[in-house]
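> Could you work out the structure for the sequence below:
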Amino acid sequence: MTNGNTERYGSDLMAELIANLDVPFIALNPGASFRGLHDSLINHPHRDMPELITCTHEEISVDIAHGYAKATGKVMAAAIHNVVGLQHATMAIYDAWCDRVPVLLFGGTGPMPVEKRRPGSDWLHTALVQGNLVRDFVKWDDQPASVQSLSDSIYRAHRLAVTEPAGPVYVCFDAMLQEAPIEQEELDSCPALVNPPSPDAYSPGTPPGPSPAVTARLVEALESAQWPVIIADYTARSDIAFHALAQLAEQWAIPVIDQGSRFNMATDHPMNLSGANFDVLEKADVVLALDMKDLYGSLSRIERTIRTTEPVLKPTARVFSVSLMDYTTRAWSADFQRLYPTEMNVLADTQILLPVLLDALSKRQRPASVEARREEVTGWHNCLRVEWKETAIKKRSETPIATAVMADELWMLLQDEEFVLANGNLRGWVQKIFTMSSPRQYLGSSGGGGLGYGIGATIGACLAHRETDRIVVDIQSDGDLLFTPGGLWTLAHHKLPALIVMFNNRSYYNSEEHQINIARHRGRDVGRTAIGTTIVDPAVDFAAMAESMGVAGIGPIERVEDIAPALKKALAIVKSERRSVLVDVVTQVK
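Numbers count the residues shown, from 1 in each chain. The predicted model follows:
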């Protein structure tokens, strides 16, 4: 240490154990409850520590870790200040829980001994037990009571976070445990406090695969099917599963519907019929559902206003579900969705099951119907892509700018670039217009539907690709950014380049559409549904907001002919100056 003090503090050990996990970054909004840990992370006497990413809000901190995990398949951490910071972070934690993403959350509380608490804030910001606040939407939480408990707590948290189904975990450190020196007698009696153990001996368990009987049943179903369909949601959280799914669909000519919680299939794969979901499913005699959280919703037509559903599949269709979702079902939140009847519910990791299934099918003779189906599906796929492109062209004359046109303009800019889409999809038009073919090229949505996610997830993707020339793109909805605008400052402060293109419809349109439907259903004035749902009078100047935080701002863009020059200018700045640029494009509501 710079002052020559050789004492070893509890927080020094905490920091070393976290560093042992190869956690590259810790995102945080600073707080006194973890001041000891903060000091150890920036002033540790002999260890390199994770880089600290400074944030203006705890929701952003957690969203950064969320986005980083989806971009890399690896875990990072967020530090959260006592009770108040944890309450700020809850929406982002819930998003990570619903999205089955590993995030390490480290908090502070106390001091627990009352004689050590300062009057006022120390009392306001101490809880018993602090983890109770998030226990219903984390995989595990702990508040270790001694320095000898720390390795067990931190290493267990990591192991549980990354074990599938993955999820956030929370470990809370007593302020006194952080700040008190470790007594020499305890150091002498417990060598692990001086040389902490490696986490290698506490690695995650091996993921489960299918039994031979299950594999045989799936082979029989796919082999005998005339129109099998694969519907996938969280499958491509593993690169292995991404490639195996593509091979299975190609070899057996099985149409695939990508539900989009992960980027499960290349948009130009000839078996990808996403976007024609119900038409495809109506023909199905076998459905293989992979990592589906909401199988019922995906196989049902929904009348949103009167809240009714009707089935899409034929009554004779056979449905097989493969996932690990049942292992994370909790009572508090109904994120587990409605049950759907299946012929078989297989508890297996698709990164194990899909290669096993491929291998088993490779030993079977493909029936003649496979090639006929391949021709039909490929033709259908090609027609869809042409139809969607023609729609984008036809809509160029519309005002405000159509989402299909915006997707087409953005694709023309990016088609020769290496890029990752960290957030946003223009209500599905990105998948219809873009050609994306690499694992993790699109990172999906928030998981829990919480606003404020986009900019933090984009920062996480920027950190993941900081040492590359890959362009990180954020199609950023206006209402979402207004929850967490401070993320723009974090991008500028840490010199992270991102191309942020606003999907600025000047509305919380999901809510506005609900109000329109309810008013129509009740025979009331649809003209008043903008009250309480639109973001106008005044319209937000997002370009000026970006400039105020150190991000280059362009716009607002309100004419189609102005989109391409603005996007080209923005991309040139991102590439040449390695800084973030926000382009504000005013669009139709959907």
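
> Relative to its centre, which residue of the protein is most distant?
residue 185 (45.8 Å; CA atoms, centre = their mean).

> Let me know the secondary structure of that residue.
Secondary structure assignment for residue 185 (DSSP: H, G, I helix; E, B strand; the rest coil): helix.

> How about residue 321?
Residue 321 - assigned by three-state DSSP - is strand.

> Neighbours of it, how many?
When neighbours are defined as other CB atoms under 10 Å, residue 321 has 22 of them. Heads up, the C-betas are built off the backbone N, CA and C, glycines and all.

> okay but it is in contact with residue 344, surely?
Yes: applying CB atoms under 8 Å, one finds residue 321 in contact with residue 344, separated by 7.3 Å.

> thinking again about what came up before, distance of the residue farthest from the centre of the chain relative to residue 395?
75 Å (CB to CB, to the nearest Å).

> One more: residue 439?
From residue 439 to residue 395 the distance is 31 Å (CB to CB).

> what mean pLDDT does the longest helix along the chain have?
Longest helix in the chain, counting residues (DSSP state H): helix 369-394. Averaging pLDDT along helix 369-394 gives 98.

> now for the helix or strand that that helix is followed by, which elements pack on it?
Where DSSP states H and E defines the elements, the next helix or strand beyond helix 369-394 is helix 403-414. Other helices and strands packing on helix 403-414, by 3 or more CB pairs under 8 Å, 6 or more residues apart in numbering; DSSP states H and E, are helix 369-394, helix 429-433, strand 471-477, strand 499-504, helix 563-577.

> hey, which of those is tucked in deepest?
strand 499-504 (a mean of 28; mean count of other CB atoms under 10 Å).

> Show me what that strand packs onto, helices and strands only.
helix 403-414, strand 471-477, helix 478-483, helix 542-548, helix 563-577, strand 581-586.

> Which one of those lies nearest to residue 306?
Proximity to residue 306 (CB to CB) singles out helix 478-483 among those, at 26.0 Å.

> quick one: contacts of that closest one?
The contact list for helix 478-483 (CB atoms under 8 Å, 6 or more residues apart in numbering) reads 59, 451-455, 487, 502-508, 535, 540, 542.

> Format the helices and strands packed on strand 499-504 as CSV; extra columns: distance to residue 314 and mean pLDDT.
Below are those laid out as CSV (distance: least, CB to CB, whole Å; pLDDT from 0 to 100):
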stretch, distance to residue 314, mean pLDDT
helix 403-414, 32, 98
strand 471-477, 37, 98
helix 478-483, 39, 98
helix 542-548, 48, 98
helix 563-577, 44, 98
strand 581-586, 43, 98
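
> Distance to residue 157 added to the ones you listed, as TSV?
Formatted as TSV, the helices and strands packed on strand 499-504 follow (distance: least, CB to CB, whole Å):
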stretch	distance to residue 157
helix 403-414	38
strand 471-477	28
helix 478-483	28
helix 542-548	36
helix 563-577	36
strand 581-586	36
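
> Ok, which of these comes nearest residue 180?
helix 478-483 (38.2 Å).

> Tell me the gap between that closest one and the middle of its chain.
17 Å (CA atoms, centre = their mean, to the nearest Å).

> just checking, what packs against the following helix or strand past that helix?
As assigned by DSSP H and E, the chain's next helix or strand after helix 478-483 is helix 487-493. If you count contacts as 3+ CB pairs under 8 Å, 6+ apart, helix 487-493 packs onto strand 51-54, helix 58-72, helix 453-464.

> Please produce JSON lines containing these, extended by distance to residue 256 and mean neighbour count.
JSON lines is the format used below for the helices and strands packed on helix 487-493 (distance: least, CB to CB, whole Å; neighbours: other CB atoms under 10 Å):
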{"stretch": "strand 51-54", "distance to residue 256": "36", "mean neighbour count": "18"}
{"stretch": "helix 58-72", "distance to residue 256": "20", "mean neighbour count": "29"}
{"stretch": "helix 453-464", "distance to residue 256": "25", "mean neighbour count": "30"}
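
> picking that back up, specify the stretch among the helices and strands packed on strand 499-504 that is closest to residue 37.
helix 478-483 (27.4 Å).

> Fine, thanks again, bye for now.
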